[in-house]
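**Student:** Model the following, please.
(one chain, ligands or ions: 1)
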Amino acid sequence: MPTRRQFLNGLLAAPLVAVSAGAAYSRLIEPYSYWISENDIFIRDLPTAFEGFRITQLTDIHHSRILGISEVQRVVNLAQRTLPDMFVLTGDYSTTYRRYIEPCAEALSALSAPEGVWAVLGNHDHYTDPELTTRALERNHIAVLNNAHTTLRRGSDLLQLSGIDDWTWNATDWSRAFAGLDAKTPTILLSHQPTVLDLEQTRDVALIVSGHTHGGQLKFPLLGAPARLFTNDLKYARGLFRRGETQLYVSSGTGVIGLPLRFGVRPEIAVLRLRRA
Ligand SMILES: [Fe+2]
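**Tutor:** The predicted structure is shown next:
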């Protein structure tokens with residue numbers, strides 16, 4: 001039988017044990033417990049040949065000292081196993097230092113899909129080196145849509161894919177990104193920043209694919225994500241959103257910034273399956 005003092009000591013220790021266990025979980029387990037999300041996205045006027053078209057998105061890899069190359073390779077392997085029709089990468093390949101750019105791009109070169117691997121840059125790629133990042137990706141057979149677009153063809157059916165450079169760095173050139181697009185053909189837009197959903201320029205886009213938020217990275221029961229107190233960027237934190245005919249998918253990404261922690265927002269590899277609405 002514990003004494004009254006032992007019982008009270010145990011009671012006082014319980015929250016400390018819970019906090020320590022939570023801290024260990026958010027440092028050692030959740031950042032590496034990848035979630036492959038499967039999402040049906042219904043698109044009006046999607047051409048028949050693109051019914052069921054699968055896109056796997058990787059975003060916010062943030063290769064850095066706290067997120068080593070073997071972890072990046074693990075993410076790439078998991079993504080490759082989803083066997084999509086096309087890969088899209090929506091920015092933040094490294095965090096601060098240029099030396100992480102090349103190894104990350106090399107790891108990403110293992111991605112392969114019939115309709116290719118397409119990328120845009122994120123805000124952190126501007127902190128590090130946007131030109132070096134673009135060159136490194138292109139050298140590894142990844143096409144970078146820095147305010148540019150392409151058309152995917154299946155027989156006579158078409159789907160347009162556009163990409164913008166980072167909105168918050170004033171690097172976006174809408175006229176170049178959309179120049180010559182056919183208004184009757186659905187367009188998918190890659191944008192690191194999800195808040196472009198609010199802009200008039202994206203009104204005719206069928207689907208925006210974004211990252212940037214890390215889903216808040218830390219999200220506690222009842223309290224929510226503390227990061228929302230410091231930034232408006234979490235308006236579209238994670239998941240599917242809509243404004244008029246435009247949909248937005250935001251992935252919580254696979255990496256971390258600031259603290260090497262995740263809690264309540266597992267790292268995500270998103271698989272988007274296009275469906276005819
Ligand atoms: Fe990021």
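
**Student:** So which bits of the stretch 1-150 of the chain are right by the ion?
**Tutor:** 60, 92 (CB under 5 Å from the ion). All C-beta spots, glycine's among them, are computed from the backbone N, C-alpha and C.

**Student:** what are the ranges of the strands in the stretch 1-150 of the chain?
**Tutor:** 35-43, 54-58, 86-89, 117-119, 143-144, 148-154 (DSSP state E, counting those that start in this stretch).

**Student:** is the nearest residue to residue 180 once chain neighbours are set aside in a bridge, and if so with what?
**Tutor:** Among residues not flanking residue 180 along the chain, residue 149 sits closest, at 7.9 Å (CB to CB, 6 or more residues apart in numbering). Residue 149 has these beta-bridge partners by DSSP bridges: residue 162.

**Student:** hang on, the earlier thing: including mean pLDDT, mean neighbour count and distance to residue 200, could the strands of the stretch 1-150 of the chain go into JSON lines?
**Tutor:** Listed next are those as JSON lines, based on pLDDT from 0 to 100; neighbours: other CB atoms under 10 Å; distance: least, CB to CB, whole Å:
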{"stretch": "strand 35-43", "mean pLDDT": "97", "mean neighbour count": "15", "distance to residue 200": "20"}
{"stretch": "strand 54-58", "mean pLDDT": "98", "mean neighbour count": "24", "distance to residue 200": "25"}
{"stretch": "strand 86-89", "mean pLDDT": "98", "mean neighbour count": "25", "distance to residue 200": "24"}
{"stretch": "strand 117-119", "mean pLDDT": "98", "mean neighbour count": "26", "distance to residue 200": "24"}
{"stretch": "strand 143-144", "mean pLDDT": "98", "mean neighbour count": "18", "distance to residue 200": "25"}
{"stretch": "strand 148-154", "mean pLDDT": "98", "mean neighbour count": "17", "distance to residue 200": "18"}
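
**Student:** Next, format these as JSON lines and append distance to residue 183.
**Tutor:** JSON lines is the format used below for the strands of the stretch 1-150 of the chain (distance: least, CB to CB, whole Å):
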{"stretch": "strand 35-43", "distance to residue 183": "15"}
{"stretch": "strand 54-58", "distance to residue 183": "22"}
{"stretch": "strand 86-89", "distance to residue 183": "22"}
{"stretch": "strand 117-119", "distance to residue 183": "22"}
{"stretch": "strand 143-144", "distance to residue 183": "24"}
{"stretch": "strand 148-154", "distance to residue 183": "13"}
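
**Student:** quick one, which of these is nearest to residue 242?
**Tutor:** strand 35-43 (10.4 Å; CB to CB).

**Student:** mind saving the C-alpha coords of that closest one as PDB?
**Tutor:** Provided in PDB are the C-alpha atoms of strand 35-43 (Å, rounded to 0.1, in the frame of the first residue of the first chain):
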ATOM      1  CA  TRP A  35       0.700   9.400 -44.000                       C
ATOM      2  CA  ILE A  36      -0.200   8.700 -47.600                       C
ATOM      3  CA  SER A  37      -3.500  10.500 -48.000                       C
ATOM      4  CA  GLU A  38      -5.800   9.400 -50.800                       C
ATOM      5  CA  ASN A  39      -8.100  12.200 -52.100                       C
ATOM      6  CA  ASP A  40     -10.700  12.200 -54.900                       C
ATOM      7  CA  ILE A  41     -10.900  15.600 -56.500                       C
ATOM      8  CA  PHE A  42     -14.000  16.200 -58.600                       C
ATOM      9  CA  ILE A  43     -13.400  18.500 -61.500                       C
END
